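[1] this one's structure only:
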């Protein structure tokens, strides 16, 4: 069977996009994600995102996101911007789009310019049940004592519709990436405190409105960017009094920069690019 796809990315966080608005989610969604995401052996990506019919009345589409290991993710901030860009260029040229997600509710996307979208990401939650997290106290988990990789970490654990653990990297040492992150990241992802896994953001504070971040995503490993992770990192620093509320915070990732704003009622807004790399067909 020949499958048509579009390869897109937001700050290098790349997914294979399949338009299923007429057919609905394919039964082979997880299988295709495992097969097609393999870099060097197939198309290669952080996963596959299926663009399905809207779930709720008044919606424009539903995003179903599958990680490279075939597990279904709750939410992807870079992915939802790319879905908006895909819809805009494939018959829905509206400056405001309503996109449903399978597990994180509806997201409103606003077009800021050519290939640039702002996503209303909703409110974060620090309740352990929202992650879920166990054994870290009753919450809020803004300063959780987490022992991993043989040391204790001051972790901020919060949900952006999917679970995140934000670590302020200690001292002047560079943030982990590559082999160093591949050794450290799984020890957080598979930690007993997080029975469903966790996305982990290691950050350095460059200033009150600038963070540098490296991310280990559950089910995908190190990625060049994570939109919900950037939201979680900015929200954690706002709550800790490091970054200002109501102002855009730049989060620098390996693949680019995202703008994150946390407003007065804890709603988070993310802006950044959504780009098409190429289109094609592949045998599945």
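    Ah, there it is. All figures in this text were calculated on a predicted structure; none of them were measured in a lab. Numbers count the residues shown, from 1 in each chain.
[2] excluding its backbone neighbours, what's nearest residue 274?
    Spatial nearest neighbour of residue 274, chain neighbours left out: residue 85 (3.8 Å); criterion: Cβ to Cβ, 6 or more residues apart in numbering. (Each C-beta comes from the backbone N, C-alpha and C, glycine too.)
[3] actually residue 143, not the one I wrote
    In space, residue 143 is closest to residue 154, 5.7 Å off (Cβ to Cβ, 6+ apart).
[4] do residue 152 as well
    For residue 152, ignoring the flanking residues on the chain, the nearest one in space by Cβ to Cβ, 6+ apart is residue 145 at 5.9 Å.
[5] for beta bridges, what are the partners of that neighbour?
    With DSSP bridges as the criterion, residue 145 is bridged to residue 154.
[6] quick one: the helices in the stretch 51-200 of the chain?
    77-89, 178-189 (DSSP state H, counting those that start in this stretch).
[7] could you dump those helices to TSV with mean pLDDT?
    Output for those, formatted as TSV (pLDDT from 0 to 100):
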stretch	mean pLDDT
helix 77-89	97
helix 178-189	97
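[8] which parts of the stretch 1-150 of the chain are strands?
    Residue ranges of the strands in the stretch 1-150 of the chain, as given by DSSP state E, counting those that start in this stretch, are 2-10, 13-19, 47-52, 61-67, 96-101, 105-113, 116-123, 144-148.
[9] helices or strands up against the shortest one?
    Right, strand 144-148. Counting contacts by 3 or more Cβ pairs under 8 Å, 6 or more residues apart in numbering; DSSP states H and E, strand 144-148 is packed against strand 151-159, helix 178-189.
[10] sorry, back to before: list the contacts of the residue nearest to residue 274.
    8, 115, 117, 274, 275, 276 (Cβ atoms under 8 Å, 6 or more residues apart in numbering).
[11] swap in 7 Å and give it another go.
    By Cβ atoms under 7 Å, 6 or more residues apart in numbering, the contact list for residue 85 reads 115, 117, 274.
[12] pop out the phi and psi values for the first one.
    Comment: the main-chain dihedrals of residue 115 come out as phi 70, psi 10, following degrees, to the nearest 10.
[13] that one: how many residues sit nearby?
    Residues within reach of residue 115, counting by other Cβ atoms under 10 Å, total 17.
[14] shouldn't it be in contact with residue 276?
    No. Residue 115 is beyond contact range of residue 276, at 8.5 Å (criterion: Cβ atoms under 7 Å).
[15] tell me which residues form a beta bridge with residue 48?
    With DSSP bridges as the rule, residue 48 is bridged to residue 16, residue 66.
[16] roughly how far apart are the residue nearest to residue 263 when sequence neighbours are not counted and residue 200?
    Leaving aside its sequence neighbours, residue 263 sits nearest to residue 246 (Cβ to Cβ, 6+ apart; 6.0 Å). From residue 246 over to residue 200 the distance is 27 Å, taken as Cβ to Cβ, to the nearest Å.
[17] looking at the two, which is more packed in?
    Shown here are residue 246 and residue 200; by other Cβ under 10 Å, residue 200 has more neighbours (31 against 9).
[18] do a quick rundown of the strands in the stretch 151-284 of the chain.
    151-159, 163-168, 199-207, 210-217, 221-223, 249-253, 256-262, 267-273, 275-283.
[19] any chance of the ones you listed in a markdown table, with mean pLDDT and distance to residue 133 too?
    Formatted as a markdown table, the strands of the stretch 151-284 of the chain follow (pLDDT from 0 to 100; distance: least, Cβ to Cβ, whole Å):
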| stretch | mean pLDDT | distance to residue 133 |
| --- | --- | --- |
| strand 151-159 | 97 | 5 |
| strand 163-168 | 98 | 8 |
| strand 199-207 | 97 | 13 |
| strand 210-217 | 98 | 17 |
| strand 221-223 | 95 | 21 |
| strand 249-253 | 98 | 23 |
| strand 256-262 | 98 | 21 |
| strand 267-273 | 98 | 20 |
| strand 275-283 | 98 | 34 |
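[20] so can I have JSON lines of those strands showing distance to residue 181?
    Putting these into JSON lines (distance: least, Cβ to Cβ, whole Å) gives the following:
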{"stretch": "strand 151-159", "distance to residue 181": "15"}
{"stretch": "strand 163-168", "distance to residue 181": "12"}
{"stretch": "strand 199-207", "distance to residue 181": "8"}
{"stretch": "strand 210-217", "distance to residue 181": "6"}
{"stretch": "strand 221-223", "distance to residue 181": "5"}
{"stretch": "strand 249-253", "distance to residue 181": "13"}
{"stretch": "strand 256-262", "distance to residue 181": "18"}
{"stretch": "strand 267-273", "distance to residue 181": "22"}
{"stretch": "strand 275-283", "distance to residue 181": "24"}
